[in-house]
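> how does the following fold in three dimensions:
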Amino acid sequence: MHDVIIIGAGPAGLSAGITCANKGLKVLIIDEYMKPGGRLLGQLYEEPNGNWWNGIKESANLYHQALAANVEFMLETPVYNLEKLESEWMVYTEKATVKTEHLLLATGAAESPIPVPGWTLPGVMSVGAAQVMTNVHRVKPGKKGVIIGVNVLSSAIAMELQLADVEVAALTLPKLNQLTSIAAQPKAVMDSLLHVSHMAPSAFIRFGSKLMKNDFMKNLGVTFYPKNGVKMWDIPIHLRKAVIEIYGDDQVEGVTLATIDTNGKVIQGTEEQITCDFVCIAGGLYPLAELAAVAGCPFYQVDELGGYVPLHNEQMETTLDGLYVAGNITGIEGAKVAMAQGVTAGLSIAMNCGMSGLENELRTSIQSIKKARANAHIQFHPEVEEGKRIIQEHWEEYEASEKVLK
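Have a look, this model is predicted:
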């Protein structure tokens, strides 16, 4: 039996495994992918200090640290169930059933799809799939593409595709319907982009974004947003056009765009076509928390964190004995925050395994999470601090109720 089992070999899981192993614990990390690293593998961008963040190198570094610390791995191994039997967590996989008293869920995030007519054609993929193809497997998804969905993730990946000499003809909105809602409304999308305007390569755009501090200026900005879009990294970003159809016979041949009003409604007679050989759909990310649900962990819907999040405290403990969470399962953030959370989870596990003298180290690690969050170059949800406050508030309510019951 292992002292600790970690499900997920992304930045949070790897960091937690290294921390636990360095404290003398026997660690097993399980992941369904063939390589460790998770979403970190696909990341490639330039940081404000001019250094390049290369996810493949960062993943390899963490993996080698884990191997050096004698962490065991079960890759290409999906987990299909888990349950608590007395004091032990049983983890069921197709290869074996393993057990532990301390189980960390570092399952990461998944992409939200946006339904678009024609999205079943060959050549249509999620924007994350295009990122993995390009940055991990070094295979271009096509020669010329259109990205449907304008958000932080799609903007970053558009830049990465361009670095790989793949033409991105446009970033544009999806057609408004019951499922696209906010993602198809120009004002809501502009508001989300203002929080990452510091990433814009144009000084004019960075300056202009500072002027849009109130609803009047935002409405003005949407109303007079250029019909041909605003170029960033030489890629047209459209907030007043939406894709109403992906067309092609046996594969993607192009998309049909239409101008939309400030509320996202299509203006009839404005249809036009853009030829392309692939289309990426970017619906954003949500916490991948199914296993926490199977375990019986309570959840809260926190939009500021990207969706349903299992209840947990700052030490990354859940309400269930021996169950911990770290990384994007706790809210959509960057890899550096996930790594910091992994360290904190590892220290919490070590303390709960009976190791003493880790209190100061744990407090420092919790502060490191907050520091990583504050210094994050890319913030997927601008109100993440509010989201964390909401979860902490629910945790305090849980603790208070537990005291009453006792």
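> for residue 301, what are its contacts?
Applying CB atoms under 8 Å, 6 or more residues apart in numbering to residue 301 gives the contacts 307-309. C-beta here means a position set from N, CA and C on the backbone, and glycine is covered the same way.
> only the buried subset of those residues, as a ChimeraX command please.
The buried residues among the contacts of residue 301 can be selected in ChimeraX (16 or more other CB atoms under 10 Å) with this line:
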select :307,308,309
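> report pLDDT for residue 173.
On the pLDDT scale, residue 173 is placed at 94.
> flag the shaky bits of the stretch 151-300 of the chain, pLDDT-wise.
The stretch 151-300 of the chain contains residues with pLDDT under 70 at 192-226, 229.
> quick one, strands of it?
Listed in chain order, the strands of the stretch 151-300 of the chain (DSSP state E, counting those that start in this stretch) span 167-174, 230-232, 235-247, 254-259, 272-275, 278-281, 285-287, 299-302.
> pick the most buried one from these.
Highest mean neighbour count of the strands of the stretch 151-300 of the chain: strand 278-281, a mean of 26 (counted as mean count of other CB atoms under 10 Å).
> packing partners for that one?
Here strand 278-281 is seen to pack against strand 124-126, helix 127-131, strand 144-148 when contacts are counted using 3 or more CB pairs under 8 Å, 6 or more residues apart in numbering; DSSP states H and E.
> let's see 6 Å
If you count contacts as 3 or more CB pairs under 6 Å, 6 or more residues apart in numbering; DSSP states H and E, strand 278-281 packs onto strand 144-148.
> got the angle for the strand it packs on vs strand 254-259?
Calculated by axes from the mean of the first three to the mean of the last three CA atoms, to 10 degrees, strand 144-148 forms an angle of 50 degrees with strand 254-259.
> report the mean confidence score over stretch 327-335.
pLDDT averaged over stretch 327-335 gives 96.
> distance from the chain centre to it, please.
In this view, stretch 327-335 has its centroid 6 Å away from the chain centroid, taken as CA atoms, centre = their mean, to the nearest Å.
> start at 53, not 1
That works, and once the first residue is 53, the last one we named lands at stretch 379-387.
> contacts for that stretch?
The contact list for stretch 379-387 (CB atoms under 6 Å, 6 or more residues apart in numbering) reads 62-64, 92, 157-161, 337, 339, 341, 357-358, 361, 390, 393, 428, 430, 432-433, 439.
> with stretch 322-335 instead?
164-166, 175-176, 178-179, 182, 193-201, 203, 205-206, 221, 298, 304, 306-311.
> on that earlier part again, in strands only, show me the contacts of residue 353.
The strands, defined by DSSP state E, take in 359-361 from these.
> show the contacting residues for residue 223.
Contacts here follow CB under 6 Å, 6+ apart; on that basis residue 223 touches 199, 202, 206, 210, 289.
> who is it paired with across the strands?
Residue 223 has these beta-bridge partners by DSSP bridges: residue 199, residue 289.
> quickly note the distance from the nearest residue to residue 285 once chain neighbours are set aside to residue 354.
Closest residue to residue 285 apart from its sequence neighbours, by CB to CB, 6 or more residues apart in numbering: residue 211 at 5.2 Å. Separation of residue 211 from residue 354 (CB to CB, to the nearest Å) stands at 29 Å.
> same question for residue 392.
For residue 392 relative to residue 354 (CB to CB), the value is 19 Å.
> state the number of residues packed around residue 126.
Using other CB atoms under 10 Å, residue 126 is surrounded by 19 other residues.
> likewise for the one 4 residues further on?
The criterion is other CB under 10 Å. On that basis, residue 130 has 13 neighbouring residues.
> what about the closest residue to it other than its chain neighbours, how many residues nearby?
Spatial nearest neighbour of residue 130, chain neighbours left out: residue 84 (4.2 Å); criterion: CB to CB, 6+ apart. Using other CB under 10 Å, residue 84 has 17 neighbouring residues.
> surely residue 84 and residue 131 touch.
No. Using CB atoms under 6 Å, residue 84 is not in contact with residue 131, being 7.5 Å away.
> list the contacts of residue 78.
Taking CB under 6 Å, 6+ apart, we find residue 78 in contact with 54-55.
> and the one 5 residues further on, by the same measure?
Contact criterion CB under 6 Å, 6+ apart gives 61, 127 as the residues in contact with residue 83.
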